[in-house]
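*Asks:* Curious how this folds, go ahead:
(chains A and B, ligands or ions: 2)
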Amino acid sequence: MIKVRNLGVYYDKFKALSGLNLEVEKGGIVAVIGPSGCGKTTLLYVLAGIINKFEGEVLINDAPIDPRRHRIGLVLQDYGLLPWKRVFENALLGLKVKKKVIEKKDKEYAEYILARVGLSGLFKRYPGELSGGQKQRVAIARAFIMKPDILLLDEPFSALDAITREEMQDLFLDVWKSDSVSTVFVTHSTEEAMYLGKKITVMTGPPGRIVTTIDNPFFGEREVKDTEHYISMQLKLKKLLKGIQK
Amino acid sequence: MRNSFRYVLIFLLIFVLWQAGSVALKNPILPSPAAVFCNLKEIFFSKIAIHAALSLSRIALGLAVSVLAGSILGLLMGFYPPVDRFLSPIVYFTYPIPKIALLPIVMILLGLGEASKITIIVIITVFQIIITVRDSVKNIPKEMFYSLKSLGANDATIFKEVILPATMPELLTAVRLSTGTAISVLFFTENFGTTHGMGYFIMDSWMRVNYIDMYSGILVLGGIGLLIFLAVDAFDMIFCRWKR
Ligand SMILES: Nc1ncnc2c1ncn2[C@@H]1O[C@H](COP(=O)(O)OP(=O)(O)OP(=O)(O)O)[C@@H](O)[C@H]1O
Ligand SMILES: [Mg+2]
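*Replies:* Ligands and ions are numbered 1, 2, ... in the order given. Modelled structure (predicted):
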């Protein structure tokens, strides 16, 4: 469970987030959308413990955020892989830092997840020898392999072409469903938000804050039945975003 | 295999040019490569090997100390801004001082033996290593640290997993540059207060007007440099494979 109360963040004098409130229930997945520069990445950095100077309160399972204590799965837009580690070592990085000793069953689980995201046979490659989609698979596998308390994703699929992106969304959802972890998914696409978010949070800024959060009945639906409702909801989201930008 | 073939080919080319030069000059100051090689074969083990071994160990030891001390200082300066703020003025002030001018002082303080020769190599090459390492730590994109920070990694882990591998390629470049410097410096220092080392051997042959010995010595000194470069390359192959 993630609880953010009255969060404020400054970059020097610049106010990036102000009075931001957000809640992700246990096993929930919230898609955060908002215009460029509104503070989405900043919000994730706070939740990931990368930015640790902030006002307000950030709780994970009712304890103040502490990356040493919590297991935080993080997938960044530029993948966040270490170029000098092979795929398998990158995938195990989270576990290695967290528990030092990696047992056989950890390795087996890592192999299982990597195979599930379609990376069997590429274990020995360096990130520089992978395509963008493959790198993103490693980053996602790594986050799941460490069995995180919370999962944070920052526009993980936006650099991919449309077909690969859909494939990755399905794959992500597939793995996510078998291990429902409280998740914040940042995106700038309303389609993606409506496919991957049980709830959709619209952000504005700077300084970043939440405009509204709506329940999304279309979570996980690739073929939408109630198209009329879908389109009207998408329009509503787009209007909200446009309204912000003006 | 193709690699060694390339080396052989390039050496052949050098010796052909050398031969041509010596034929054209017709002066004992440039003997033919064949004469030098015959001489080298004869006197290497009896006369040169001891000098070569001593010089190689001085260079290797000097570089090792320099890399170790330089990397540690450079890493700390790159990663902890207060350390940088304190040490950079010292580095900037002492780096440009021609340290070879300190040779007499070092010799008085440390004697004429090994310590003074190695110390001179260290104080001349260490700055290059410090500055290269410091800057390459500073140039690591900050996003590179984010994954580890979100895992709650401590500084030791961050050093091991990010900073060391990220700076390794540039550190090796600095070592290569320092190797050349170290050999020149050693050549100079081996002319004072010693009767061992390639510097002494080459200058002594020159004084004795034994040009063939002198060239044999120069070849061996080149060989020592080559050996060190190959060792650094091997290191590169092992630790920076991800770069290729
Ligand atoms: N290191 C920084 N120093 C100063 N200002 C920053 C810094 N990083 C971000 N900002 C500013 O803070 C605001 C929020 O940035 P952030 O990266 O969180 O936006 P975002 O919503 O993720 O945008 P995008 O959709 O383009 O990724 C922006 O206006 C940006 O200019
Ligand atoms: Mg962003």
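*Asks:* What number of residues are in the vicinity of the nearest residue to B:Arg241 once chain neighbours are set aside?
*Replies:* Closest residue to B:Arg241 apart from its sequence neighbours, by Cβ to Cβ, 6 or more residues apart in numbering or on different chains: A:Tyr126 at 7.5 Å. Quick note: C-beta positions are derived from backbone N, CA and C, even for glycine. Number of residues near A:Tyr126 (other Cβ atoms under 10 Å in any protein chain shown) recorded here: 19.
*Asks:* From B:Arg244, how far out is A:Tyr126?
*Replies:* Per Cβ to Cβ, to the nearest Å, A:Tyr126 is found 9 Å from B:Arg244.
*Asks:* What residues sit buried inside the helix ranked longest in chain B?
*Replies:* Secondary structure of chain B read by DSSP state H shows that its longest helix is helix B:49-79. For helix B:49-79, the neighbour count (16 or more other Cβ atoms under 10 Å in any protein chain shown) marks B:51-52, B:54-56, B:58-60, B:62-63, B:65-67, B:70-71, B:73-79 as buried.
*Asks:* just to confirm, which helix or strand has A:Gln234 in it?
*Replies:* With elements taken from DSSP states H and E, the one containing A:Gln234 is helix A:227-245.
*Asks:* So is that helix next to ligand 1?
*Replies:* No. Contact between helix A:227-245 and ligand 1 is absent, the nearest approach being 11.4 Å (criterion: Cβ under 6 Å from any ligand atom).
*Asks:* okay, now residue 6: neighbour count?
*Replies:* I'll assume chain A. Neighbours around A:Asn6, by other Cβ under 10 Å: 11.
*Asks:* please go with chain B instead
*Replies:* Residues within reach of B:Arg6, counting by other Cβ under 10 Å, total 10.
*Asks:* and if you look at the one 3 residues further on?
*Replies:* The criterion is other Cβ under 10 Å. On that basis, B:Leu9 has 10 neighbouring residues.
*Asks:* any idea whether it is helix, strand or coil?
*Replies:* The assignment at B:Leu9 comes out as helix when based on DSSP: H, G, I helix; E, B strand; the rest coil.
*Asks:* I'd like to know how far it sits from B:Phe15.
*Replies:* From B:Leu9 to B:Phe15 the distance is 11 Å (Cβ to Cβ).
*Asks:* quick one, phi psi at A:Leu17?
*Replies:* Here is the backbone geometry of A:Leu17 (degrees, to the nearest 10): phi -130, psi 150.
*Asks:* Might one say that it is in contact with A:Leu7?
*Replies:* Yes. Counting by Cβ atoms under 8 Å, A:Leu17 does reach A:Leu7; the two are 5.5 Å apart.
*Asks:* who has more neighbours, those two?
*Replies:* More crowded of A:Leu17 and A:Leu7, by other Cβ under 10 Å: A:Leu17, with 28 against 24.
*Asks:* Please name the spatially closest residue to B:Ser116 (chain neighbours excluded).
*Replies:* B:Leu110 is the one closest to B:Ser116 (Cβ to Cβ, 6+ apart), at 4.2 Å.
*Asks:* Quick one: low-confidence residue ranges for the chain.
*Replies:* Just so you know, I chose chain A. Counting by pLDDT under 70, chain A contains low-confidence ranges at A:100, A:244-246.
*Asks:* Chain B is the one I meant
*Replies:* B:1.
*Asks:* ok, which residues in it are in contact with chain A?
*Replies:* Applying Cβ under 8 Å from any Cβ of the partner chain, we find that chain B lies next to chain A at B:143-144, B:146-153, B:157, B:161-162, B:165-166, B:240-243.
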